[in-house]
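**Student:** dropping the sequence and predicted coords here.
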Amino acid sequence: MEINETLSQYSDLLYTTTVAIYVLALLFSLFEQAFGAKGRRAAERSKQRVLVGSGGLEDADAPVEPEAPREIGRPERIGRMGAALLVLGALLQLSAIVLRGFAVHRAPWGNMYEYGMAVTFITVVAWLVVIKKFPVRHLTGFLLLPVVILMFINGTLLYTVAAPVVPALQSYWLVIHVSAAIIGSGVFLVPGVASTLYLFRTAHDRNPAKFARFGPKLPAADVLDRIAYRATIVAFPIFTFGVLCGAVWAEAAWGRFWGWDPKETVAFIAWVIYAAYLHSRATAGWRGKRAAVINVVGFAATIFNLFFVNLVTVGLHSYAGVS
């Protein structure tokens, strides 16, 4: 079927525009994180806990007066602008994905460029859900940093012109298996960032002098821990379904369920790591820092499997359009 070059060009333009908007949203979020009231209040509460622990407050048991309403300052307004830009960027990225699909007349994730575009979109959507449920909008910059880096790599090193997929990918499993892998991998980036910030927060809580400028402005460790756990709970069964579908597709296409192809192997390693994380959360002795470390390792494995496996290895998945 003939490729619609015009729609493909519009898709590429929207992708580039999305990256620029995400960069602006990242900068706005970092400004709110650095100068916003949420960060200041978190730092003040952290300082008060330190003073109470050292006996520096005269009356630690005195009732705490409720905070007076605060006016919305410039950092908060800029933070809201960043969140609005994030929503706009997500809509433009969705449009880029849809136009790519119409241009090639198939599911728009038949090569690594399209796959990476879809994964980062899912990550942004998942984060929008998180900031709706938790007061962590000022942390958006830390989530967008890996997203922008991955999108830059995706749009340069992994870019592929719009074209039909090879015969091996002309299957309904392209929709089922790859879409599940996209959703699972995209959501997994959120707990990875949350667990990384959790480690910084707990390091500061144990030693306030450590990360004195950065640590106090992060949310409480239990908030970050809940975000990481709940996001992983959502992503893990979807990712598991994707791995199982991939095995079924491999048996139909190559005559075996598993062949230890590099991408299969790293995906399996990531699955084991996340299974270990969830198991550790169910075991009281492995909650907290140890569980967060496992989640960060899973985050690293996911990033490696998303992009770098196809850049440094050759396997049965190498037909995915890396040029």
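**Tutor:** Looks like it came in fine.

**Student:** show me where the chain has its helices.
**Tutor:** 5-35, 37-53, 74-104, 112-133, 140-156, 173-206, 221-254, 262-282, 289-303, 309-312 (DSSP state H).

**Student:** okay, those helices in a markdown table with mean neighbour count, distance to residue 164 and mean pLDDT next?
**Tutor:** No exception for glycine: its C-beta is placed from N, CA and C like everyone else's. Output for the helices of the chain, formatted as a markdown table (neighbours: other Cβ atoms under 10 Å; distance: least, Cβ to Cβ, whole Å; pLDDT from 0 to 100):
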| stretch | mean neighbour count | distance to residue 164 | mean pLDDT |
| --- | --- | --- | --- |
| helix 5-35 | 19 | 12 | 95 |
| helix 37-53 | 15 | 49 | 48 |
| helix 74-104 | 19 | 7 | 95 |
| helix 112-133 | 22 | 13 | 95 |
| helix 140-156 | 20 | 20 | 93 |
| helix 173-206 | 22 | 12 | 92 |
| helix 221-254 | 18 | 17 | 90 |
| helix 262-282 | 18 | 22 | 88 |
| helix 289-303 | 21 | 29 | 91 |
| helix 309-312 | 16 | 19 | 66 |
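
**Student:** could you dump the ones you listed to a markdown table with distance to residue 167?
**Tutor:** A markdown table is the format used below for these (distance: least, Cβ to Cβ, whole Å):
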| stretch | distance to residue 167 |
| --- | --- |
| helix 5-35 | 21 |
| helix 37-53 | 53 |
| helix 74-104 | 15 |
| helix 112-133 | 18 |
| helix 140-156 | 25 |
| helix 173-206 | 12 |
| helix 221-254 | 10 |
| helix 262-282 | 19 |
| helix 289-303 | 29 |
| helix 309-312 | 19 |
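
**Student:** residue 296: what's its closest spatial neighbour, skipping adjacent residues?
**Tutor:** Nearest residue to residue 296, sequence neighbours excluded (Cβ to Cβ, 6 or more residues apart in numbering): residue 195, at 5.1 Å.

**Student:** before we move on, what about residue 95?
**Tutor:** Using Cβ to Cβ, 6+ apart, the closest residue to residue 95 is residue 14 (5.3 Å).

**Student:** that older thread, any idea how far the residue nearest to residue 296 lies from residue 231?
**Tutor:** Distance, residue 195 to residue 231, using Cβ to Cβ, to the nearest Å: 10 Å.

**Student:** same question for residue 164.
**Tutor:** Distance from residue 164 to residue 231, by Cβ to Cβ: 35 Å.
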